[in-house]
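*Asks:* build the 3D model from these lines:
(chains A and B)
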Amino acid sequence: MEPRYRAPRGTFDFIYPESEKVEALLAAASEILATRGYRRISTPMLESTELFRRGIGEATDIVTKEMYTFEDQGGESLSLRPEATAPVIRAYLERSLFAQGLPQKLFYAGPMFRRERPQAGRFRQFHQLGAEVIGTRDTFIDAEIISISDVLFKRLGLEAYELVVNSVGCGECRPSYVRMLSGFLEGISQALCEECRRRSRENPMRVFDCKNERCREALEAAPAIGEQLCPECRVHFQEVVDHLETLGVAFRVDPKLVRGLDYYTNTAFEFKFEGLSAQNTVSAGGRYDGLAEQLGGPETPGVGFSLGIERLLLALEAQGLDPFTPPRLSVFVAGAPGVERSSVLDILVALREAGVSADADFMDRGLKSQMKQADRLGARLVLIVGKDELERGEITIRDLDRSSQVEVSLAGMVPAIREMLEAGSEDV
RNA sequence: GUGGACGUAGCUCAGUUGGUCAGAGCGCCGGGUUGUGGCCCCGGAGGUCGGGGGUUCGAGUCCCCUCGUUCACCCCA
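*Replies:* Numbers count the residues shown, from 1 in each chain, chains lettered A, B, ... in the order given. Prediction:
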């Protein structure tokens, strides 16, 4: 019974009901974003490899070992997108969106690809929903971007999550901070784990992600980026914090919060959930004022977030929430013995044309089985197309909720059904 | 990339110290008299016990390899 073909490792099919929950989540998010002036953008799943190398950073794990990269038949190096911010900025520059007026507020949703080892909340093809505001450094926008996830979570009824914010500085203050941190790390290197020593050399700020108890203690006294900002960045961050308070978003400042991708500047944030296993960051993002320039465009500020759909689904499930209830089938049309199949289909089509949700048997089942099927589908009514009634120009409508049935004329069928559906079903 | 756990019917799982061990529940299909659901009863379909090799008279049950799943590290949404 081993299927001959299976979905590639780390990928999966979204089947119902998850597929429908995803639709519901996207609908809720789209509504929130649209009412804040965001417009939808859809970029290719494939981009030139160079875009990501430049945009995300040559030294990042994503670029060095997680991209699905290949050369196409024309010899061009392409990669499946591991994230969408660089592609969105590329599109902004390529399509001259700045000429449409600034700022540009864009949102996207779709699959991303990273060749990591799968685990809870982490897949090789996963789906992100995100937004970017390009063209302004206004601190209210930083707060707005952050608040969108919060609004969505609240609307979905989610609890037990925490928003952590920080500033990672700018091109001026970060380098000097990193030097200071490196110096500090050198001094305590013997107290650090193997991993942290490696980080100390390659990406010093990442030591703060270490979960090792000894390292954490040793790092207590380490200088934090949030405390070493230049005056300008300090003001910027303070304004963001103030706006968050105005927006009523609860948060905690963590001076040691850092970001994985190279392009971040100033504002950085993460939404973490309790009870979600190791991958508990559901939404994260920040400001990236240097990215557009990095990609060969003019100096252009930007800020955005991205949210992991699968992780959001896990959070909803962990909290017993369901964003989607499938609509109930109104009518199941069942044919009794001796009835022409065409009569059943004619009625089915007539109902659908009248706007009534309806389905019928396509497995050549007997009446009893059709009744069971109707029940299993959760249909409210069953239209029993019987030989005798049909000869009288009538049809039987059985109400599965009330366990009652009536006969009506074919001409009065649709109105009768409408009436019964509108009357609802009292508890029986 | 590293480490641990696990892989028996569609699903959730039982399967003793290797010898009726190929099972249960749920689901699915059919039936319980002639045209009717949900409960109940009866019956049925469905499994190379992930795959390969080995040990043995004999292996889901032991060993090796392999594939897959899963959890953690790494990293990140």
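
*Asks:* which ones are touching A:Y68?
*Replies:* For A:Y68, the contacting residues are A:79-80, A:113, A:115, by C-beta atoms under 8 Å, 6 or more residues apart in numbering. C-betas here are computed from N, CA, C, even on glycine.

*Asks:* just those: which are in strands?
*Replies:* A:79-80, A:113 (DSSP state E).

*Asks:* closest one of those residues to RNA strand B?
*Replies:* Set against RNA strand B, the nearest of the ones in strands among the contacts of A:Y68 by C-beta to the nearest atom of the strand is A:F113 (9.3 Å).

*Asks:* now the closest one: closest residue in space that isn't a chain neighbour?
*Replies:* In space, and not counting its chain neighbours, A:F113 is closest to A:L80: 3.8 Å by C-beta to C-beta, 6 or more residues apart in numbering.

*Asks:* surely that neighbour is in contact with A:P44?
*Replies:* No. Between A:L80 and A:P44 there is no contact under C-beta atoms under 8 Å: 9.9 Å.

*Asks:* looking at those two, which is more packed in?
*Replies:* Ranked by neighbour count (other C-beta atoms under 10 Å), A:L80 and A:P44 place A:L80 first, with 21 against 12.

*Asks:* partners of that one in the sheet?
*Replies:* A:L46 (DSSP bridges).

*Asks:* and if you look at A:G286?
*Replies:* In beta-bridge terms (that is, DSSP bridges), A:G286 pairs with A:A268, A:G304.

*Asks:* do you know the pLDDT at it?
*Replies:* Looking at A:G286, its pLDDT reads 95.

*Asks:* A:P326 too?
*Replies:* Looking at A:P326, the pLDDT reads 87.

*Asks:* ok, A:A86 next?
*Replies:* In this model, A:A86 carries a pLDDT of 96.

*Asks:* quick one, what contacts A:P298?
*Replies:* Per C-beta under 8 Å, 6+ apart, neighbours of A:P298: A:A292.

*Asks:* quick check: which element contains it?
*Replies:* A:P298 belongs to no helix or strand when elements are defined using DSSP states H and E.

*Asks:* got the residues of the stretch 151-300 of chain A near RNA strand B?
*Replies:* Contact residues, the stretch 151-300 of chain A versus RNA strand B (C-beta under 7 Å from any atom of the strand): A:195, A:199, A:203, A:206, A:209-211, A:259-261, A:270, A:277-279, A:281-285.

*Asks:* in PyMOL, select just the buried ones from those residues.
*Replies:* Per 16 or more other C-beta atoms under 10 Å, the buried members of these correspond to this PyMOL selection:
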select buried, chain A and resi 199+203+206+210+259+260+261+270+279+281+282+283+284+285
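
*Asks:* picking that back up, dump the contacts of A:Y68 to CSV, plus pLDDT and distance to A:C170.
*Replies:* Formatted as CSV, these follow (pLDDT from 0 to 100; distance: C-beta to C-beta, whole Å):
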residue, pLDDT, distance to A:C170
A:S79, 96, 29
A:L80, 96, 31
A:F113, 95, 31
A:R115, 93, 32
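
*Asks:* are any of the residues you listed buried, and if so which?
*Replies:* The buried subset of the contacts of A:Y68 - by 16+ other C-beta under 10 Å - is A:79-80, A:113, A:115.

*Asks:* tell me the two of those residues that are most distant?
*Replies:* Spanning the widest gap among those are A:S79 and A:R115, at 10.6 Å by C-beta to C-beta.

*Asks:* quickly list what's touching both of those two.
*Replies:* A:67-68.

*Asks:* what does the pLDDT read for A:V333?
*Replies:* A:V333 is given a pLDDT of 96.

*Asks:* just to revisit the earlier point, contact partners for the residue nearest to A:F113?
*Replies:* A:45-46, A:67-68, A:113.

*Asks:* identify the farthest-apart pair in these.
*Replies:* Taking C-beta to C-beta, no two of the contacts of A:L80 sit farther apart than A:M45 and A:M67, at 12.5 Å.
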